[in-house]
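Enquirer: give the three-dimensional model of this entry:
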Amino acid sequence: MSDFPRWKYALVAVVLLLGIVYALPNAFPPVPSVQVAAVHGAPVDAALQQKVADALRKQNIAYRNLAIDGDHLVASFANADVQARASDVVRVALGDGYTVALNLTSTAPRWLGAIGARAMPLGLDLQGGVNFLMAVDQNAVIQKRRDGYADNIRDLLRQKNIRYDSVAPTGDPSQATIGVVLRSAADRSAASDAIASEYADLLVSDGPSTGDRYVLNVQARPDKLRTLAQDAITQNLSTLRNRINALGVSEPIIQKQGDSQIVVQLAGVQNPAEAKKTIGAQATLEYHPGVMDPTGALAMEAQRTGIVPPDQRLYHMRGSGRPVLVGKRVIVTGDELADAASGVDQTTGTPKVDVTLNASGAKKMLDYTSANVGKPMAVVYVERVVDTQMVDGKEVRTPKVTEEVISNATVQGVFGKQFQTTGLGSPKEASELALLLKSGSLAAPMDIVSEQVIGPSLGQDNIQKGFRAVLIGLGVVLLAAAVYYKLFGLVADIALFFNLVLLLAVMSMIGVTLTMPGIAGIVLTLGMAIDANVLICERVREELRNGSTPHAAIRAGYDKAWATILDANVTHLIAALALTTMGSGPIKGFGVTLLIGILTSMFTSVTVTHAITALIHGNRKLKTLSV
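Expert: Down below sits the predicted model:
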């Protein structure tokens with residue numbers, strides 16, 4: 001009689017059914033598509049859909065489907081060549097208000113998506129993808145540090161009561177040179193001692209003197225400049241990883257190339273338009289002193305005449321375009337933000353971003369608000385994007401910086417470390433800004449100098465070879481097991497098939513990106529999975545040779561083989577965990593596939609085969625076994 005309990009039958013049936021359902025989307029091949037995402041709350045509606053349809057129709061580009069999916073517009077096409085042409089046409093038709101990116105759209109039935117069943121995203125080597133080459137402007141971070149040194153020197157001279165006429169950057173911006181003009185030789189000597197004592201990173205030397213102008217040249221040390229340039233690359237790498245991880249991209253490749261470039265490879269992303277926008281955008285906030293101009297008359301006059309006071313700048317309010325005067329001095333920048341979270345202001349019901357500053361930023365904000373309660377403070381939103389145009393058949397990229405005032409409110413009280421920023425256009429815009437700020441600001445501006453779309457032709461060849469490898473490996477193992485172990489071998493074959501189904505299901509559920517190393521892990525898993533059934537069959541044979549009854553031999557075979565199977569798989573799990581936790585890129589992909597495969601094979605090789613064997617032999621009187 002069978003000793004296999006009914007609850008285990010139910011468990012096996014439920015697990016196998018779920019495995020089939022969640023592996024099923026992988027049987028539906030995705031189609032090439034173009035995805036359109038709005039920038040700064042631009043509408044994604046029927047009018048946009050019609051505009052895209054008209055642009056495609058005008059160029060005689062046929063599409064399979066064109067529909068709004070949430071806050072995106074998705075158009076699918078017959079092949080990758082048509083997709084590439086359509087992307088260029090749509091990008092030109094929509095201009096800067098929208099981000100256009102290539103994508104793959106699933107063809108699986110909607111009911112599968114409704115229960116969270118999705119196909120595995122494919123890696124660059126299987127599906128193609130987008131390869132971004134980004135150039136880091138290291139001179140910008142040096143210039144930024146130079147301006148910071150200039151501000152610090154001014155503060156130091158004021159604290160020491162040293163008389164000076166000006167402190168201003170001079171010479172080559174990449175050398176971080178500052179010229180300090182003092183009023184006497186004694187002031188120059190005192191300033192030289194104070195700067196050298198306070199800032200070890202700066203070299204101080206006397207410059208030419210004319211009349212009552214005593215010049216002091218201050219320059220950052222060369223080793224400090226090299227460190228700044230390399231730190232800019234390192235911080236930008238970390239920032240990009242944080243941004244992409246926040247988007248949920250699986251196994252991205254983000255690495256340094258040369259001295260000033262970063263490579264970002266994204267394959268199998270769920271939302272490439274959003275990823276491209278988030279990677280390419282460089283947005284931050286700057287908090288400036290406001291100007292007392294309640295009627296806006298001063299700003300209107302400055303805009304009309306073009307005459308702006310030397311310590312002020314003329315900006316425009318987001319949305320209304322109204323001119324507003326803002327002090328040049330920067331109180332706090334995005335570099336000093338420790339955290340940011342979007343939400344809704346309970347008082348006004350408008351979107352907001354709750355900001356938390358680091359220690360240095362909090363002190364600056366506290367000092368400013370303590371001395372300026374009742375005065376305005378402006379919040380300037382700075383975004384740097386790259387404008388791409390085709391000139392004489394060549395792609396020309398021009399950096400474009402947009403600076404807008406999103407808030408110019410009166411300081412109502414003293415605050416420092418934590419406060420909120422309002423004036424944003426929509427909750428989506430607040431969420432995007434919080435993501436950019438929270439994931440870390442870029443140490444230096446970056447431009448996407450090339451965006452390479454890797455075609456799927458090579459990927460299709462890899463997929464075919466990988467699929468052929470899985471079929472051949474699986475077929476040979478199935479045949480060998482069936483011939484050598486007869487009925488028990490056929491049972492092992494069924495379990496091996498379900499092992500593949502469960503492996504695909506689990507990988508799909510957790511969003512593992514399938515690559516060629518992943519396919520290698522699947523083939524290796526299938527080969528290793530049969531080992532457990534070999535141990536069980538040999539144990540059953542041994543018990544039969546020792547005179548046990550068929551039912552007793554089955555029971556003893558599973559009981560005695562389990563310890564050995566467990567020991568062998570634990571060692572494999574340790575190796576797979578090491579690959580997963582310490583590896584990266586293809587090595588990590590192989591380790592993840594191997595880890596999941598070991599766990600599913602332990603279930604199918606033991607529990608599933610035991611259930612099928614008990615179902616076949618459990619209620620029969622047996623004289624022998626086909627093993």
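Enquirer: could you point out the helix or strand that follows the lowest-mean-pLDDT helix or strand in the chain?
Expert: Lowest by mean pLDDT, DSSP states H and E among the helices and strands of the chain is helix 272-280, with a mean of 62. Counting by DSSP states H and E, the next helix or strand C-terminal to helix 272-280 is strand 282-289.
Enquirer: which other helices and strands contact that next one?
Expert: Other elements packing on strand 282-289 under the criterion 3 or more Cβ pairs under 8 Å, 6 or more residues apart in numbering; DSSP states H and E are strand 323-327, strand 332-333, strand 376-391, helix 427-438. Any C-beta I mention is one placed from the backbone N, CA and C, and that applies to glycine too.
Enquirer: out of those, which gets the lowest mean score?
Expert: Among the helices and strands packed on strand 282-289, helix 427-438 has the lowest mean pLDDT, at a mean of 68.
Enquirer: point out where the stretch 151-300 of the chain drops to low pLDDT.
Expert: The model of the stretch 151-300 of the chain has pLDDT under 70 over residues 173-174, 242-251, 267-278, 280-283.
Enquirer: those helices in it, which residues are they?
Expert: In the stretch 151-300 of the chain, the segments counted as helices under DSSP state H, counting those that start in this stretch are 185-198, 222-246, 272-280, 297-305.
Enquirer: go through those and pick out the most buried.
Expert: Counting by mean count of other Cβ atoms under 10 Å, helix 272-280 has the highest mean neighbour count of the helices of the stretch 151-300 of the chain, with a mean of 22.
Enquirer: so is the closest residue to Leu504 other than its chain neighbours in a helix, a strand, or just coil?
Expert: Distances taken as Cβ to Cβ, 6 or more residues apart in numbering place Ala23 nearest to Leu504, at 4.1 Å, with adjacent residues excluded. At Ala23 the chain is in helix, as set by DSSP: H, G, I helix; E, B strand; the rest coil.
Enquirer: what's the burial count for Ala23?
Expert: Applying other Cβ atoms under 10 Å, we find 23 other residues in the vicinity of Ala23.
Enquirer: contact partners for it?
Expert: 501-502, 504-505, 508 (Cβ atoms under 8 Å, 6 or more residues apart in numbering).
Enquirer: for Lys256, same thing?
Expert: By Cβ under 8 Å, 6+ apart, the residues touching Lys256 are 233, 237, 262-263.
Enquirer: make JSON lines out of the residues you listed and add distance to Ala529.
Expert: Below are the contacts of Lys256 laid out as JSON lines (distance: Cβ to Cβ, whole Å):
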{"residue": "Ile233", "distance to Ala529": "44"}
{"residue": "Leu237", "distance to Ala529": "39"}
{"residue": "Ile262", "distance to Ala529": "40"}
{"residue": "Val263", "distance to Ala529": "37"}
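Enquirer: so which of the residues you listed is the closest to Tyr214?
Expert: When the contacts of Lys256 are ranked by distance to Tyr214 (Cβ to Cβ), Ile233 comes first, at 39.0 Å.
Enquirer: was I right about the closest one contacting Val263?
Expert: No. With contact defined as Cβ atoms under 8 Å, Ile233 does not count as touching Val263 (11.9 Å).
Enquirer: can you redo the contacts of Ala23 as JSON lines with distance to Leu524?
Expert: Listed next are these as JSON lines, based on distance: Cβ to Cβ, whole Å:
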{"residue": "Val501", "distance to Leu524": "17"}
{"residue": "Leu502", "distance to Leu524": "16"}
{"residue": "Leu504", "distance to Leu524": "15"}
{"residue": "Ala505", "distance to Leu524": "19"}
{"residue": "Ser508", "distance to Leu524": "19"}
